[in-house]
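Peer 1: requesting a structural model of the entry that follows:
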Amino acid sequence: MVNQSRVENKGRYVYGVGPGDREVNLGAIGIDGSQVYTIPYGDISAIVHSCSIEPYRSSDDATVKAWVKAHQGVLDAAGKRVGVIIPLGFDTILKSGDGGISPDSVVKDWLRQDYTRLRQVMSKIEGKDEYAVQVSYEPGVVFKHVPEQSAEIGKLTRNIKAAESPGIAYLYRQRLERAVAAEAGRLADAWFKDYYTRIKKHADEIVIEKTRKPDRTRVMLLNLACLVARENVDGLGKQLEEINNLDGFSVHFSGPWPPYSFVARPAITAKGD
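Peer 2: Below is the predicted model of the structure:
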């Protein structure tokens with residue numbers, strides 16, 4: 001059922017920006033079967049559909065997933081047609097300005113004001129895709145060698161075994177826990193720098209994302225969004241395979257995705273032509 005609040009069409013849902021100097025009708029491929037078309041300025045164009053100014057909101061997960069899938073489908077179709085596309089996030093809606101300025105004019109004015117940056121972003125991401133990389137480790141596996149690597153921890157371990165009373169052994173165990181925690185932090189920092197450096201050799205740009213909380217068996221060491229040239233993907237994959245083969249470490253590698261992490265949402269101040 002069509003949402004009647006969208007009949008007003010005072011907004012423009014913007015999927016992304018690509019090259020193009022003329023308006024093109026891409027067909028009814030948008031969210032809820034919307035007609036998708038381009039609004040050009042100079043040699044770039046915004047990919048849009050006409051909508052109300054209300055955001056796309058639903059309590060039904062299936063509906064939201066269908067909208068997001070349609071959003072991505074438009075970007076895929078536009079990319080095949082015109083090449084490099086700057087993807088904008090789901091639910092980016094521009095609305096008509098003051099004084100009866102049409103929403104198409106607002107979009108065109110945004111393209112005009114932001115033209116230089118958009119062109120720079122387009123050049124930056126051309127021929128490249130985003131990949132997600134997460135590196136995790138199992139503390140119980142990788143830290144079993146810590147006593148062999150740390151003289152202090154090795155000494156404390158031996159002192160616990162040789163302790164003459166439970167009280168003394170308890171004190172040694174407390175010191176051992178603090179020493180292991182400190183060594184674990186040092187090792188994690190060293191691993192992060194090492195693996196980040198290895199990955200960076202194959203990526204044009206990296207965004208460090210927040211790591212998820214550890215579960216009972218694993219700790220996430222790195223959570224990265226990587227902008228990778230298509231000719232460098234195999235090299236990155238081989239490097240990640242080497243890390244994945246290390247005892248106690250695992251890698252999750254996914255993509256290619258549109259480079260959302262490397263473009264910014266538009267900051268609209270336009271009021272029309």
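Peer 1: contacting residues for the nearest residue to residue 236 once chain neighbours are set aside?
Peer 2: Of all residues not flanking residue 236 in the chain, residue 202 sits nearest, at 3.8 Å (CB to CB, 6 or more residues apart in numbering). Quick note: C-beta positions are derived from backbone N, CA and C, even for glycine. By CB atoms under 8 Å, 6 or more residues apart in numbering, the contact set of residue 202 is 226, 228, 232, 233, 235, 236, 239.
Peer 1: how many neighbouring residues does the closest residue to residue 133 other than its chain neighbours have?
Peer 2: Of all residues not flanking residue 133 in the chain, residue 224 sits nearest, at 4.5 Å (CB to CB, 6+ apart). Using other CB atoms under 10 Å, residue 224 has 20 other residues around it.
Peer 1: again with residue 207
Peer 2: Neighbour tally, residue 207, other CB under 10 Å: 15.
Peer 1: quickly list what it is bridged to.
Peer 2: residue 225 (DSSP bridges).
Peer 1: now residue 18
Peer 2: residue 45.
Peer 1: list the residues that contact it.
Peer 2: Listed by CB under 8 Å, 6+ apart, the contact set of residue 18 reads 38, 44, 45, 47, 78, 79, 82, 83, 84, 85, 86, 122.
Peer 1: from residue 33, how far out is the fourth one?
Peer 2: According to CB to CB, to the nearest Å, residue 47 stands 16 Å off from residue 33.
Peer 1: the two: which is more packed in?
Peer 2: Higher neighbour count among residue 47 and residue 33: residue 47, with 29 against 12, using other CB under 10 Å.
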